[in-house]
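> Structure for the following, please:
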Amino acid sequence: MKTKLFQIKLATRIALIALVTAVPLLGVTLFFIFTTASKDIRFGQWELYGNEYQRPLETLLQWLPQHQSLVTRARAGDGSVGSALAESEGKIDQAFALLEVLDRKLGVALQFTEDGLRKRKREHVRLATVRKEWQELKGKRDSVAAGMGDAEHAHLVGDVRTMITHAGDTSNLILDPDLDSYYTMDITLLALPQMQERLATVTAFGLELLQHPSVTPKEHTQLSVHASLLKDVDLDRITADAQTALNEDANFYDVSESLQRNLPPALKEYADASGAFIELVQRLADPEKPRVAAADFAVAGTRARDASFKFWTVAANELDGLLETRIASYSRARGRILIFTAVSLVSCAVVTTLMVRRLNQALNGVLRRVGGSCQSVSAVAGQSATTSQSLAEGANEQAAALEETGASLEEMSSTTQRNAENAQKAKELANQTRAAADTGAGNMQEMNRAMDGIKTSSDNIAKIIKTIDEIAFQTNILALNAAVEAARAGEAGMGFAVVADEVRNLAQRSAMAARETAERIEDSIRKSEHGVEISAKVALGLQEILAKARQVDELVAEIASASSEQSQGIQQINVAVSQVDKVTQTNAAAAQESARVAEFLRDEAASLQEAVEQLLVLVGGKHGFVIAPTAPAARPGHDHGLPANAWNRPAPGSPTTPPGPKSKPAAPAFSTVRPSPASTSHLLHSTTRLESHPPPAAAGVEASIPLPEDTKSFKDF
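Numbering: from 1, shown residues only. This next block holds a predicted model:
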C-alpha cells in the first residue's frame with residue numbers, strides 16, 4: 001500500500017493537497033453564509049409570514065364592529081340594514097376562509113398550534129375555536145339580547161387582537177432590526193389595530209348617547225377620555241411612527257421610492273379623517289357646545305375607520321416592500337459570496353494546474369542535470385582521494401619536523417627557566433644589600449645628630465665654667481675686702497678675718513678647679529669636633545655605597561624581568577608549536593578520511609542516479625535517461641572541465657605560473673573550514689551537461705554554465 005501511495009505522481013499529490021485545503025475553506029464559507037446571510041434572510045421571510053397572516057385578521061377587525069352595529073340597528077327595527085348585514089357576514093366568512101388557508105400554510109411556523117399557544121397561555125385563540133365562536137354568534141344574532149350580543153362581539157374582537165399579537169411575537173415582526181420597517185410594523189401590528197378598535201367603540205358609544213335627549217356629566221367625562229386617547233395615544237403615535245419611518249428609510253438599503261410616494265398621502269387622509277372625528281367627539285363631550293347630529297357623527301366615525309384601514313393596507317404593503325428589499329439585499333450579498341467562492345475555487349484550480357505544470361517542467365530539467373552531475377561527482381571523488389593521500393604524506397613529514405623543533409624549544413625553555421631563577425635569586429640578595437645600606441645610612445645620620453648634641457652640650461658647660469670662674473674671682477675680691485675691714489676692726493674683727501681668709505682660700509680652689517675643668521672641656525670639645533668631621537666623612541661614604549647598591553638592585557631587577565619574559569615567550573612558542581603539531585596530525589587524519597569519503601561518494605553517486613530516475617517517474621517525466629559514460633574532453637592543463645591546480649598543488653619549492661589577467665587563483669581542494677552556502681550553491685550550479693544537452697567541443701570550464709532557462713523558471717516559480 002505504501003509503495004502504491006509513493007508511486008502517485010507529484011501533480012496528483014499537489015491536486016489532492018489543494019483539494020484538502022479548499023474543502024475546509026469552502027465549508028467555513030458556506031457555514032458563514034448559512035449562519036449569517038441565510039439567517040437574516042429567514043428572519044425577514046418570517047416577518048413576511050406574520051404580515052401575511054395578519055391581513056385576514058385585519059379584515060375581521062374591520063367587519064366585526066360593523067356587523068355589531070348593523071345587528072344593533074336590526075334589533076331596533078331598522079329594515080334597511082338587511083343587505084349590509086349580509087355583506088358584512090360574507091366578508092367575515094371570506095376572511096375566516098382565507099385565514100384557514102394561511103393557517104394550514106403558516107400555522108405551524110407561526111406556532112398557531114396547541115403547544116405554541118399553550119406556552120403563551122393563548123389556547124382560546126385557536127382558529128377553530130375563534131371561527132366556532134363566530135358561527136355561533138352569527139346563528140343566534142336574532143335571539144341574543146343586545147347586551148350579550150355586544151359582549152360576544154367584543155370578546156371575538158379581543159380574540160382577533162390576541163391572534164395579531166401572537167403572529168407578531170412568533171414571526172419576529174416585534175423584533176424588526178431596521179428603524180424604517182420597525183416603525184412601519186408598529187403602525188400595522190400595534191397602533192392601528194388598537195385605534196381601529198377604539199374608533200368602533202367610541203362610534204358606538206357616541207351614537208348611543210345621541211339617541212338620548214341629554215348627556216350626563218359622567219358620559220361627558222367618558223367622551224373626553226376617549227377623545228384624549230384617540231388624539232394622544234393613537235393619532236399622535238401613528239403620525240410619529242410614520243414620520244420616523246420616512247426619515248430613517250434612507251439609512252437602510254437605500255431610499256424606498258414606494259414608501260416615500262405612497263405613505264404620506266395615505267397618512268394625511270387618515271390624519272384628516274381621524275382629526276375630524278376626534279373634533280366631533282370633543283364637541284360631544286363639551287356640554288356648552290351645540291349638540292352633534294347623529295348622522296354626522298356616524299359618517300365621521302365610519303370615514304375615520306375606513307381611512308384607518310386604507311392606511312393600514314398601504315402601510316402593510318410598504319412593510320412588505322421594505323422586508324422584500326432587505327431580503328433581496330441579503331440574497332444579493334449571499335450570491336456575491338457564493339460567486340466569489342466559486343471564482344476563488346476555479347482560480348485556485350487554475351493556479352494549481354499552472355503551478356503543477358511549471359513545477360513538472362522545472363523539476364524535469366533540474367533532475368536531469370542532477371543525474372548528469374552524478375558521474376562528474378564520481379570522477380571528482382577519485383581525484384580527491386589521490387590528492388588527499390598526497391596531503392596526508394606531506395602532513396606526516398611536516399609533523400615529524402615539528403616534533404624535532406618542539407624538542408629543541410623545550411631544551412631552550414629549560415635553560416632560560418634556570419637563568420630566570422638565578423636572576424631572581426640575585427635580585428633578592430641585591431634587595432637585602434640595599435636594605436642593609438639603607439639601615440647603616442640611617443644609623444650614621446643618628447650618630448651625626450648625637451655628636452652635634454655632645455658638641456652643643458660641651459659649649460654650654462664651658463659657658464657655665466666661665467661663670468663659675470667669675471664667681472670665684474668676685475668671691476676672692478670680697479674676701480680681701482672683708483680681711484681689710486677685719487684688720488681695721490682690730491681685735492673685734494678677728495673672727496670675721498678668719499672667716500674671710502677661709503672664704504678666700506675656697507674661692508681660690510674654686511677658681512683653680514674651674515680652670516682645670518675648662519681645660520679638660522676644651523680638650524673634649526676639640527675631640528668631639530674631630531669626631532663630627534670623621535662621622536660626616538663616614539656618612540658621605542655610606543651614601544655613595546647606598547647609591548651604588550640601588551643601581552645594582554635596579555640592574556638585577558631588569559635582568560630578572562627580562563629573563564622571566566624570555567622564559568614566557570619561549571613557553572608560548574613551545575605551546576604554539578605543539579598546537580601546530582596537533583593541527584598537522586589532524587589534517588593528515590582528515591586527508592585520509594577525505595579519501596575514504598570520496599570512495600563512499602562515488603558509491604552514493606550511483607544510488608543518486610537511481611533515485612533521480614524514480615523521481616522523474618514520480619513527476620511524470622520519461623523513464624530512463626542516458627548518462628554520458630565519460631566526462632567531456634578536457635583541454636591541456638584541465639581535467640573534467642576543472643582547473644588542474646584545483647586538485648594537484650605544486651610541491652614546495654617548485655616554480656609556479658602566476659594566473660593570467662582574467663583568471664582567478666585556484667583555491668585548495670580541501671580545507672578544514674566548512675563550505676559556505678554560497679560555495680555549495682556554486683558547486684551545484686557547476687555540473688556538466690547530459691548527452692541530451694551536449695557541450696561544445698573542448699568546452700572546458702565554459703561547459704559548466706549555471707542553470708538554463710527551464711531551471712531558472714523553476715527558481716522564479
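> okay, and the helix or strand of this structure with the least pLDDT?
helix 677-684 (a mean of 38; mean pLDDT, DSSP states H and E).
> what ranges do the strands span in this protein?
Remark: strands assigned in the chain by DSSP state E are 638-639, 642-643.
> correct me, but residue 134 touches residue 92?
Yes: judged on Cβ atoms under 8 Å, residue 134 makes contact with residue 92 at a distance of 6.6 Å. (Each C-beta comes from the backbone N, C-alpha and C, glycine too.)
> I figured residue 282 hits residue 227, correct?
Yes: using Cβ under 8 Å, residue 282 is in contact with residue 227, at 4.7 Å.
> of the two, who's got more company?
residue 227 (21 against 17; other Cβ atoms under 10 Å).
> ok, that one - contacts?
Contacts for residue 227 (Cβ atoms under 8 Å, 6 or more residues apart in numbering) come out as 278, 281, 282, 285.
> Can you report how many residues lie near residue 345?
Neighbour count of residue 345, defined by other Cβ under 10 Å: 17.
> Could you find the closest non-adjacent residue to it?
Of all residues not flanking residue 345 in the chain, residue 22 sits nearest, at 6.0 Å (Cβ to Cβ, 6 or more residues apart in numbering).
> Just give the number of residues close to that neighbour.
Residue 22, neighbours per other Cβ under 10 Å, totals 16.
> repeat for residue 346
Neighbourhood size, residue 346 [other Cβ under 10 Å]: 10.
> still on that earlier bit, thinking the residue nearest to residue 345 is in contact with residue 346, fair?
No: the pair residue 22 / residue 346 is not scored as a contact, 10.6 Å apart, by Cβ under 8 Å.
> Mean confidence (pLDDT) on stretch 292-308, please.
In this model, stretch 292-308 has a mean pLDDT of 90.
> Extract the C-alpha trace of that stretch and format it as CSV.
Extracted C-alpha coordinates of stretch 292-308, given in CSV (Å, rounded to 0.1, in the frame of the first residue of the first chain):
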residue,chain,number,x,y,z
VAL,A,292,-73.8,67.0,17.2
ALA,A,293,-76.1,65.4,14.7
ALA,A,294,-76.2,61.6,14.9
ALA,A,295,-75.9,61.2,11.2
ASP,A,296,-72.8,63.5,11.0
PHE,A,297,-71.2,61.6,13.9
ALA,A,298,-71.9,58.2,12.3
VAL,A,299,-70.5,59.4,8.9
ALA,A,300,-67.3,60.8,10.6
GLY,A,301,-66.8,57.6,12.6
THR,A,302,-67.2,55.4,9.5
ARG,A,303,-64.9,57.7,7.5
ALA,A,304,-62.2,57.6,10.2
ARG,A,305,-62.3,53.8,10.4
ASP,A,306,-62.3,53.4,6.6
ALA,A,307,-59.3,55.8,6.4
SER,A,308,-57.5,53.8,9.1
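> Pull out the buried residues from it.
292, 297, 298, 300, 301, 302, 303, 304, 305, 307, 308 (16 or more other Cβ atoms under 10 Å).
> Let me know the distance separating the residue lying closest to residue 402 once chain neighbours are set aside from residue 199.
With Cβ to Cβ, 6+ apart as the criterion, residue 402 has its nearest non-adjacent residue at 4.4 Å, and that residue is residue 581. As for residue 581, its distance to residue 199 is 120 Å (criterion: Cβ to Cβ, to the nearest Å).
> Those two: who's more crowded?
Ranked by neighbour count (other Cβ under 10 Å), residue 581 and residue 199 place residue 199 first, with 28 against 18.
> Which pLDDT value belongs to that one?
Here the pLDDT value assigned to residue 199 is 92.
> From residue 158, how far off is it?
16 Å.
> Could you do residue 97 as well?
Residue 97 is 22 Å from residue 158, by Cβ to Cβ.
> same thing with residue 509?
Residue 509 is 171 Å from residue 158, by Cβ to Cβ.
> Also residue 91?
Here the criterion is Cβ to Cβ. By it, residue 91 lies 19 Å from residue 158.
> Which one's more surrounded, these two?
More crowded of residue 91 and residue 158, by other Cβ under 10 Å: residue 91, with 17 against 13.
> gap between that one and residue 112?
For residue 91, the distance to residue 112 - Cβ to Cβ - is 22 Å.
> Which residues are in contact with residue 549?
Contacts of residue 549 (Cβ under 8 Å, 6+ apart): 430, 433, 434, 437.
> Count the residues that sit near residue 520.
12.
> actually residue 211, not the one I wrote
9.
> So for it, what's the nearest residue that isn't a sequence neighbour?
Using Cβ to Cβ, 6+ apart and skipping residues adjacent in sequence, the residue nearest residue 211 is residue 294, 7.1 Å away.
> go on, residue 157?
Residue 157's closest residue in space is residue 64 (Cβ to Cβ, 6+ apart), at 5.3 Å.
> Same question for residue 123.
Excluding its sequence neighbours, the residue lying closest to residue 123 (Cβ to Cβ, 6+ apart) is residue 117, at 5.1 Å.
> Residue 501 now?
According to Cβ to Cβ, 6+ apart, the nearest residue to residue 501 is residue 483 (6.4 Å).
> Now do that neighbour against residue 207, distance only.
Relative to residue 207, and taking Cβ to Cβ, residue 483 is found at 190 Å.
> what do you get for residue 236?
Residue 236 is 25 Å from residue 207, by Cβ to Cβ.
> Also residue 430?
Taking Cβ to Cβ, one finds residue 430 at 148 Å from residue 207.
> Looking at the two, which one has more neighbours?
residue 430 (20 against 17).
> my guess is the more buried one contacts residue 550, does it?
No: with contacts counted by Cβ under 8 Å, residue 430 stays clear of residue 550, the gap being 9.1 Å.
> pLDDT averaged over stretch 538-545, what's the number?
Here the average pLDDT along stretch 538-545 is 79.
> right, I mislabeled it, should have said stretch 18-28
Averaging pLDDT along stretch 18-28 gives 72.
> Extract the C-alpha trace of it and format it as PDB.
The C-alpha atoms that make up stretch 18-28 are tabulated as PDB, following Å, rounded to 0.1, in the frame of the first residue of the first chain:
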ATOM      1  CA  ALA A  18      -5.200  21.800  -2.900                       C
ATOM      2  CA  LEU A  19      -8.500  19.900  -2.600                       C
ATOM      3  CA  VAL A  20      -7.900  19.100   1.100                       C
ATOM      4  CA  THR A  21      -7.100  22.700   1.700                       C
ATOM      5  CA  ALA A  22     -10.000  24.100  -0.300                       C
ATOM      6  CA  VAL A  23     -12.700  21.800   1.200                       C
ATOM      7  CA  PRO A  24     -12.400  23.300   4.800                       C
ATOM      8  CA  LEU A  25     -12.300  26.800   3.400                       C
ATOM      9  CA  LEU A  26     -15.400  26.100   1.400                       C
ATOM     10  CA  GLY A  27     -17.100  24.600   4.400                       C
ATOM     11  CA  VAL A  28     -16.200  27.700   6.500                       C
END
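> Give me the contacts around it.
341, 345, 348, 349, 352.
> hang on, residue 152 packs against residue 135?
No: using Cβ under 8 Å, residue 152 is not in contact with residue 135, being 11.8 Å away.
> higher neighbour count, those two?
In this view residue 152 and residue 135 are compared by other Cβ under 10 Å, and residue 152 has more residues nearby, 18 against 12.
> I appreciate the help and will end here.
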